[in-house]
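1. Please find the sequence and the predicted model below.
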Amino acid sequence: MVALICGMTFLTPFTLKASQQQDVYEIQDPYEGFNRVMFKFNEKLDKYILIPAAEGYRAITTPYARERVRNFFSNMKEPVSAVNQILQGEFKNSGISLSRFVINSTLGLAGTHDVAGAWGLKKNQDGFDETLAKWGVPSGSYLVLPFVGPTTPRAFAGTIADGFISPVYWVTEDHEDGAYAYVAYVGAKAVVDREALLDYTRDLEKNSVDYYATMKAAYIQNKQKNYHNSSDNNTVSYDFDFEEVEYEEVIYTE
Amino acid sequence: MKNILATFIMGVSLFFTSSAKAEINATKAENFVKEVTNSGIEDIINANVSQKVKDERFEKLFNSALDLDFIGQFVLGRYWRTATQTQKKDFIAVYRKLNIKTWSARFDEFKGKNFDFVGTTPSNSKNQIFVNSTVNMGEGEPAKVVWRVKQSGDKFKIVDIIIENVSLAITARNEYTAFVKNHNGDIDALIANLQEKTK
C-alpha cells in the first residue's frame, strides 16, 4: 500500500498525444535520462543472469513441458484476477476466473492443463493495474525500474498489490522459509516468462536502431490492450490517424 | 424547433461518419489479406523450391501487398518533412530492404500454421480498415494479428501490422525518431545504421 501511495505521487496522465510541438505518436517519456540508465542496468542483468537461465531452462525441457509450466503459473494468477474483477464490478468474469482456478487446480493437475478452457471457460485475466485503470486512475509516465523493467507508476503499484493478493503469498507467508519460497517462485516465473520471449527479443534487439525506444513503444502499446478489454469503447488503441501522413510519391528504383 | 434542428444535425453528422467509414469494402479487404497469407504459406513456405526462389517470391509478395512508401513516410515522423529528396529515397529503399530481410528470415516460423480470420474493425481513417486474425504458433495462447488495410480505387494494400496490440508502424516511428533526435537530427546516421543491418 505504501508503494501504491508513493506510486501515485508520480502520476501524470500517460498519453500517446502530446503538445503541438511534439510528435503526437511519440510516447512521452519525461524520465528518459533515468529510464535509459535503468534500462542499461537491466540489460546487464538480463544478459548475465536471466538469458542464460532461460536458455538453460529451454535446453533441458520440451515445448510440451514448458507449456505445462506456463499453464501452472497462469493458473496461480486466476484468484488474483477473480479479486480484481470483483473490484471492477465484473462479477461474471470473476466467477469464471474462480471456476477456472478450481477446475484447473484439480482436474487440470495443479493447473498444468487448461481443462476449464476446453469446457468453454476462456481465460480473461486482470490485475490491479487494470482495476485502477477502470477506476479512472491515470497510468503515469513510462518508467524503467531496476529488476522490474518497463512499467508505469500505476502498473508497478498493481504488481505490488497483485503480489499481496496472490495465493502464493498467502501460502508462504506463515512458513518459516516462506520468504525464500516466495522469492524462488518469483525467480522461477521470471525465467519461464523470459524463455517465452527469447526469440522475439533477440530479433528486436538485432534489428532495432534504438532498442530502448522500441521496448518502450512495444510495452506501452501491449499494456493498452488490457485497458481496452475492460471498456465498452469500440475504437482500438492502435487506430491512429494515418490521414496526417502527407503522402508523397517517392521515386523508388532498385 | 431546436429539437428538430438538433436531430437534423445529428442525422447529417451520423450519415457522414458512417459513410466515411463505409468507403472501404470490409469483405474485399478481408479476402485480400486471406489471399496474401494463403499465397505466403502455399507459394513460399510450403513450396518445394530452393531458398533463393523462396526469397524472390517473398520479396515480390511483400512489395505487392504492403505499401512501404506510405509506411516509410509515417515511420520517419517529423523528420520526413526536413529530409532531402535523396534522403527520402534512400530511407524508403533501406527501410524496404530491412523489412524484407527481417520478415523473410522469420517467415518459416509460420510453417504448418494457419491464420483464422475473425472479422474486421472500422478505422477512423478514411478508406482503411482493420482485418482481425489469430494464429496458433504452437506454444501458448494464439497470437492476435491485425492487418491495417488501405483501399485505393479497387486496389488494397497493407499499411500496418499489429501483433498483440503492438503496431509495427507506431513502434518504428518511436524508434526512428528517437534515434534521429539523439543524433542531432542526422537522418543520414539513421540511414547508415539501417544499411548496416541489411548487410
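-> All right, it came through fine. This is a predicted model, so every value here is computed, not measured.
2. low-scoring pLDDT stretches of chain B, where are they?
-> Counting by pLDDT under 70, chain B has low-confidence residues at B:1-22, B:138-140.
3. ok, B:Asp108 to A:Gln221 distance?
-> 26 Å (C-beta to C-beta, to the nearest Å). Every C-beta, even on glycine, is put in place using the N, C-alpha and C of the backbone.
4. Which of those two has more residues huddled nearby?
-> Neighbour totals were compared for B:Asp108 and A:Gln221, and A:Gln221 leads with 22 against 11 (other C-beta atoms under 10 Å in any protein chain shown).
5. And the helices in the stretch 101-250 of chain A, which stretches?
-> Counting by DSSP state H, counting those that start in this stretch, the stretch 101-250 of chain A has helices at residues A:115-118, A:128-134, A:153-165, A:167-173, A:178-207, A:211-229.
6. Any chance of CSV for these, columns distance to chain B and mean pLDDT?
-> Shown next, in CSV, are those (distance: least, C-beta to the nearest C-beta, whole Å; pLDDT from 0 to 100):
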stretch, distance to chain B, mean pLDDT
helix A:115-118, 10, 90
helix A:128-134, 14, 94
helix A:153-165, 15, 95
helix A:167-173, 21, 87
helix A:178-207, 5, 90
helix A:211-229, 4, 85
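7. which outside residues touch the helix ranked longest in chain B?
-> If you go by DSSP state H, chain B has its longest helix at helix B:85-106. Residues outside helix B:85-106 that contact it (C-beta atoms under 8 Å, 6 or more residues apart in numbering or on different chains) are A:203, A:207, A:248, A:250-252, A:254, B:55, B:58-59, B:62-63, B:66, B:68-69, B:71-73, B:75-76, B:80, B:83, B:187-188, B:190-191, B:194-195, B:197-198.
8. Then stretch A:169-184?
-> A:163, A:168, A:185.
9. list the buried ones in the longest helix of chain B?
-> Neighbour-count burial for helix B:85-106, counted by 16 or more other C-beta atoms under 10 Å in any protein chain shown, picks out B:87-88, B:90-102, B:104.
10. And stretch B:125-137, by the same measure?
-> Result for stretch B:125-137 [16+ other C-beta under 10 Å]: buried residues B:125, B:127-135.
11. What is the most widely separated pair among these?
-> Farthest-apart pair in the buried residues of stretch B:125-137 is B:Asn127 and B:Val135; separation 26.0 Å (C-beta to C-beta).
12. measure the nearest residue to A:Arg154 once chain neighbours are set aside to A:Val171 for me?
-> Leaving out its chain neighbours, the residue that sits closest to A:Arg154 by C-beta to C-beta, 6 or more residues apart in numbering or on different chains is A:Ser139, at 4.6 Å. Taking C-beta to C-beta as the measure, A:Ser139 falls 31 Å from A:Val171.
13. got it, and B:Ala143?
-> The gap separating B:Ala143 from A:Val171 is 33 Å, by C-beta to C-beta.
14. Report the spatially closest residue to the spatially most central residue of chain B, excluding sequence-adjacent ones.
-> Central residue of chain B (C-alpha atoms, centre = their mean): B:Asp160, 2.2 Å from the mean position. Nearest residue to B:Asp160, sequence neighbours excluded (C-beta to C-beta, 6+ apart): B:Arg148, at 3.8 Å.
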